[in-house]
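Chemist: Everything below, folded, please.
(one chain, ligands or ions: 2)
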Amino acid sequence: MNKIEHIGIAVSNLEAASSIYQKLLNTNVYKVEQVASEFVKTAFLQSGPNKVELLEGTSPDSAISKFIDKKGEGVHHIAFEVDDIKAEMERLKGEGFILLNDKPKPGADNKLVCFLHPKTANGVLIELCQERDNNYDQ
Ligand SMILES: CC[C@H](C(=O)O)C(=O)SCCNC(=O)CCNC(=O)[C@H](O)C(C)(C)COP(=O)(O)OP(=O)(O)OC[C@H]1O[C@@H](n2cnc3c(N)ncnc32)[C@H](O)[C@@H]1OP(=O)(O)O
Ligand SMILES: [Co+2]
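Modeler: Ligands and ions are numbered 1, 2, ... in the order given. Model (predicted):
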């Protein structure tokens, strides 16, 4: 596990939240990306080594929409950068963590991702992120 790759924040309105975080971080959104498979629209900001991912649900069934319905807006997950997501998934499975997807899946910002259930990480949803290079076999 390398550095924190991003902090995911669940928001009800991506544009309004982007404007707030642009003021807060004194930088502009560098990428807006829809991840249809996750039913989310994301906006990324980076200041120094700190990356923030704002997420709006695009369907009532979206994990983000359900999170906001239940808990309101706020910090949704912590993503860690990994060099080899498959190896890390095997290691963490062996350590008793519950993986929410059994294969790496495409994420935003050119990553392959896997999520760990919050109940196996003291109530925190954890995301593993590996840079998605072109010749990655799914
Ligand atoms: C991939 C694009 C992008 C990227 O970076 O590349 C993203 O980050 S996409 C982010 C959105 N996608 C996901 O979050 C996928 C993984 N999440 C899930 O599979 C679900 O959200 C899950 C399993 C965490 C929760 O499922 P669900 O909401 O259907 O179940 P419950 O509401 O019953 O929740 C079960 C239990 O977990 C607690 N919970 C839910 N979400 C979170 C959270 N984000 N952080 C901490 N805890 C969470 C919830 O409160 C329930 O707890 P309980 O004590 O049983 O009430
Ligand atoms: Co994320």
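
Chemist: what about the chain, any weak spots by pLDDT?
Modeler: Counting by pLDDT under 70, the chain shows low-confidence ranges at 134-138.

Chemist: Which helix or strand contains Lys70?
Modeler: helix 63-71 (DSSP states H and E).

Chemist: Is that helix positioned near ligand 1?
Modeler: Yes - counting by C-beta under 6 Å from any ligand atom, ligand 1 has neighbours in helix 63-71: Ala63, Ile64, Lys66, Phe67, Lys70. To be clear about C-beta, it is placed using only N, CA and C from the backbone, and glycine gets the same treatment.

Chemist: Beyond that helix, next helix or strand please.
Modeler: Immediately after helix 63-71, counting by DSSP H and E, sits strand 74-81.

Chemist: now check that next one, is it near ligand 1?
Modeler: Yes - on the criterion C-beta under 6 Å from any ligand atom, strand 74-81 is in touch with ligand 1 at His76, His77, Ala79.

Chemist: what's the answer for stretch 94-103, then?
Modeler: Yes - using C-beta under 6 Å from any ligand atom, we find that stretch 94-103 touches ligand 1 at Leu100.

Chemist: sorry, back to before: kindly reformat the residues of helix 63-71 next to ligand 1 as CSV containing distance to Leu45 and neighbour count.
Modeler: Below are these laid out as CSV (distance: C-beta to C-beta, whole Å; neighbours: other C-beta atoms under 10 Å):
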residue, distance to Leu45, neighbour count
Ala63, 21, 19
Ile64, 17, 26
Lys66, 24, 15
Phe67, 20, 19
Lys70, 25, 7
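
Chemist: The helix holding Lys70 vs ligand 2: in contact?
Modeler: No - Helix 63-71 stays clear of ligand 2 (C-beta under 5 Å from the ion), getting no nearer than 10.1 Å.

Chemist: elements contacting that helix?
Modeler: strand 4-10, strand 50-57 (3 or more C-beta pairs under 8 Å, 6 or more residues apart in numbering; DSSP states H and E).

Chemist: Look at the nearest residue in space to Phe80 that is not next to it in sequence and say how many residues are nearby.
Modeler: Spatially, and ignoring its direct neighbours in sequence, Phe80 is nearest to Met1 (4.8 Å; C-beta to C-beta, 6 or more residues apart in numbering). For Met1, the count of nearby residues is 13 (other C-beta atoms under 10 Å).
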